[in-house]
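Enquirer: The following block contains a protein sequence and its predicted model.
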Amino acid sequence: MIREHYLAVRDLIPESASYDIHFGSVSPKHDEEGKEIPLRYPYVVVWGDFGTEHSESLARVPDQLDLRPRVTYAGEGYEQVMWLADTVRPHLNRASPVVTGWHPGKMNVSPLRPPEEDQDVTLPGSNTYPWAAVDEFPFISTRN
């Protein structure tokens, strides 16, 4: 049920030729011949923790979830990360994911990490580092 909520958050982000969308982590993509395609910037990653389950029933079946999905924005520089956040945020902030059997509330953006260089990674063919920022979109979902 947690995974379905996070997938529903991911599905609120529109597909675009201008950026890639990843779920959980950045996974390499492959062409028709099975050859790995180099990572393309910019991209977003939707991820998060397991949240908190609440239950009012004697059977302790969760009837409420407090979730904190996170979105990482990654780009080749500060400007690209800012553009990506400006592009993606409006689709998530104050939106409600759609999950069968649940009534998710509205998400509200909360910045977790400002844009900064990721010096653990070097951009291919350069001596520069990509930039990244992270937002959190907490919400509560109740079982129908």
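Expert: Thanks, I have it.
Enquirer: and after the longest helix seen in the chain, which helix or strand comes next?
Expert: Longest helix in the chain by number of residues (criterion: DSSP state H): helix 78-92. The element immediately downstream of helix 78-92 (helix or strand, assigned by DSSP states H and E) is strand 102-104.
Enquirer: could you give me the average pLDDT of that following strand?
Expert: Averaged over strand 102-104, pLDDT sits at 97.
Enquirer: swap in stretch 133-144?
Expert: pLDDT averaged over stretch 133-144 gives 96.
Enquirer: Start and end of it, how far apart?
Expert: With Cα to Cα, to the nearest Å as the measure, stretch 133-144 spans 34 Å from end to end.
Enquirer: which stretches of this protein form strands?
Expert: In the chain, the segments counted as strands under DSSP state E are 20-23, 29-30, 36-37, 43-48, 52-54, 64-67, 69-75, 102-104, 110-117, 131-136, 139-143.
Enquirer: What is the third one packed up against?
Expert: The one in question is strand 36-37. Packing partners of strand 36-37 (3 or more Cβ pairs under 8 Å, 6 or more residues apart in numbering; DSSP states H and E): strand 29-30. Heads up, the C-betas are built off the backbone N, CA and C, glycines and all.
Enquirer: Just give the closest residue to the residue nearest the centre of the chain, not the sequence neighbours.
Expert: Nearest to the geometric centre of the chain sits residue 46, at 1.8 Å (Cα atoms, centre = their mean). Spatially, and ignoring its direct neighbours in sequence, residue 46 is nearest to residue 10 (4.2 Å; Cβ to Cβ, 6 or more residues apart in numbering).
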